[in-house]
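> prediction below, plus the sequence it came from.
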Amino acid sequence: VTDPIPTPVRGQRDAVLVLDQRALPHREDYLECRSVEEVAAAIRDLAVRGAPVLGITAAFGVALAAAGAAGRGDGPEEALEQARQAGQTLKATRPTAVNIAWAVDRVLAAATIEGTPSEGDAGDPSRLADVVLAEAERIEREDAEACAAIGAAGAELIPDPANILTHCNTGMLCTGGIGTAQGAILTAHRAGKRVHVWVDETRPVLQGARLTAWELGRLGVPRTLVADGAAGSLMAGGKVDLVLVGADRIAANGDVANKIGTYGLAVLAQHHGIPFYVAAPFSSVDRSTPSGAHIIVEERDPAEVRAPLGVQMASADTPVANPAFDVTPAELVSAIVTEHGVIRSPFQETLRRAGSVRGAA
Ligand code: MRU
């Protein structure tokens, strides 16, 4: 099957090509980022968004810096320093999705082990650039594999038929593969299950309306767009069988940071006795963050709320709070689906065990 969704990011030695998601669903434009600053701006301004692909993009951003240093003829120490500084710049873009820091640390670790000037021919800056780019490509490939595994495991949780409520966007636009929560939905759909998706608009940036509704439409998955405020009455009316969302960071105890509005859905689901599932690659699990209370929630520009997508709704002097994410406590989460399968409470223990399977404990 050829997937009719454009690739969200392409990493090259001389540029990072970013599908400008701000123009979707109307135009499929690519930004050509030729410097780390341009990659950082694409992340900050939401041209590219969604935790897993943010990690992939940041990794390609570090590779770009390393290649730039090699191209300028910098020495090995200087090239490594440029890559490290690029990592700092990229980590500072958005604080909540742990995948950015995870991916930056991973490519820098690869560069440091294989590319340190003390290690023979690996001290060649051009080789350092190759090592970082290869590691970034590996992260992208592994994310595609993780999505496939999440899709298979998550699809098992979806009954036939099923009405699924989702929030934000968790599809091909924000991963290296078929998506996380949306990957599970797509896998169930392709297996012949009769799924229908309630797509939350996802205010204020409207990832649901602009991206998820479009992706599902292109993929042929039945979907209906609803205002965020519709969720409660849909559940009360028996029209939701499960809630399935992604994550930006999962703390060691299973608390989940995800797009603002997710927590409210979890509370509603609990009230109505509906399962609330989270799907994410293990790269979104941050076992060094003990609980959700330690997760930094990004506060974004008030203009996103006052003037959604540039249309002035509230007067310019209206005070605004714009937290981009919220934290759903683990006790409201029925299960977390990762590439290691379906994990249930007690998450402290089950996440630790799943982490040690992959040697990360
Ligand atoms: O602000 P965004 O669009 O980057 O927020 C994205 C989300 O909250 C997604 O649900 C999450 O990153 C999972 S993406 C597979």
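Everything's here; your move.

> return the residues of the stretch 201-350 of the chain in contact with the ligand.
Where the stretch 201-350 of the chain comes near the ligand, counting by Cβ under 6 Å from any ligand atom, the residues are 207, 246, 247, 248, 258, 259, 324. C-beta coordinates here come from the backbone N, C-alpha and C atoms, glycine included.

> same thing but 8 Å
Applying the criterion Cβ under 8 Å from any ligand atom, the portion of the stretch 201-350 of the chain that neighbours the ligand consists of 205, 207, 245-248, 258-259, 262, 279-280, 284, 298, 324-325.

> for the protein, what's the longest helix?
Secondary structure assigned by DSSP state H gives helix 125-155 as the longest helix of the chain.

> buried sites along that helix?
Judged by neighbour count using 16 or more other Cβ atoms under 10 Å, the buried positions of helix 125-155 are 125-133, 135-137, 139-140, 142-144, 146-147, 149-155.

> in a strand, residue 198, correct?
Yes - when the secondary structure is assigned by DSSP: H, G, I helix; E, B strand; the rest coil, residue 198 falls within a strand.

> helices along this structure, start to end?
Using DSSP H, helices in the chain cover 36-44, 51-72, 76-91, 99-115, 125-155, 181-190, 207, 213-219, 231-236, 262-272, 303-306, 347-357.

> nearest to residue 4, of those?
With Cβ to Cβ as the measure, helix 213-219 is the member of the helices of the chain nearest residue 4 (4.7 Å).

> so for the closest one, mean pLDDT?
Mean pLDDT, helix 213-219: 98.

> contacts for it, please.
3-5, 24-25, 169, 171-173, 179, 182, 185-186, 189, 197, 199, 222-223, 225 (Cβ atoms under 8 Å, 6 or more residues apart in numbering).

> then stretch 308-322?
Under the criterion Cβ under 8 Å, 6+ apart, residues 203, 204, 205, 206, 299, 300, 301, 302, 304, 305, 306, 307 lie in contact with stretch 308-322.

> show the contacting residues for the third one.
Pointing back at residue 205 there. Neighbour list for residue 205: 46, 304, 308, 309 [criterion: Cβ under 8 Å, 6+ apart].

> and the helices of the chain as CSV, adding distance to residue 331?
Putting those into CSV (distance: least, Cβ to Cβ, whole Å) gives the following:
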stretch, distance to residue 331
helix 36-44, 32
helix 51-72, 22
helix 76-91, 31
helix 99-115, 25
helix 125-155, 21
helix 181-190, 20
helix 207, 26
helix 213-219, 30
helix 231-236, 18
helix 262-272, 9
helix 303-306, 30
helix 347-357, 9
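
> residue 252: which of these is closest?
The closest approach between residue 252 and any of the helices of the chain, judged by Cβ to Cβ, belongs to helix 347-357 at 6.3 Å.

> re the thing from before, buried ones only from the contacts of residue 205, please, as a PyMOL command.
To isolate the buried subset of those in PyMOL, counting by 16+ other Cβ under 10 Å, use the following:
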select buried, resi 46+304+308
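
> circling back to that earlier point, for the ligand, state which of the contacts of stretch 308-322 is nearest.
Top of the list for closeness to the ligand, among the contacts of stretch 308-322 and by Cβ to the nearest ligand atom, is residue 205 at 6.4 Å.

> would you mind measuring the gap between the ends of stretch 165-179?
By Cα to Cα, to the nearest Å, the extent of stretch 165-179 from end to end equals 16 Å.

> how many residues are close by residue 265?
As a burial measure, the neighbour count of residue 265 was computed by other Cβ atoms under 10 Å and equals 27.

> just residue 267 next, same as before
By the measure other Cβ under 10 Å, the count of residues near residue 267 is 14.

> spell out which parts of the stretch 51-200 of the chain neighbour the ligand.
Contact residues, the stretch 51-200 of the chain versus the ligand (Cβ under 8 Å from any ligand atom): 51-54, 94, 97, 167-171, 174-175, 179-182.

> return the residues in contact with residue 184.
150, 151, 153, 154, 155, 157, 158, 244, 279, 337.

> sorry, that was for residue 160
Here residue 160 is in contact with 188, 192, 193, 194, 195 (Cβ under 8 Å, 6+ apart).
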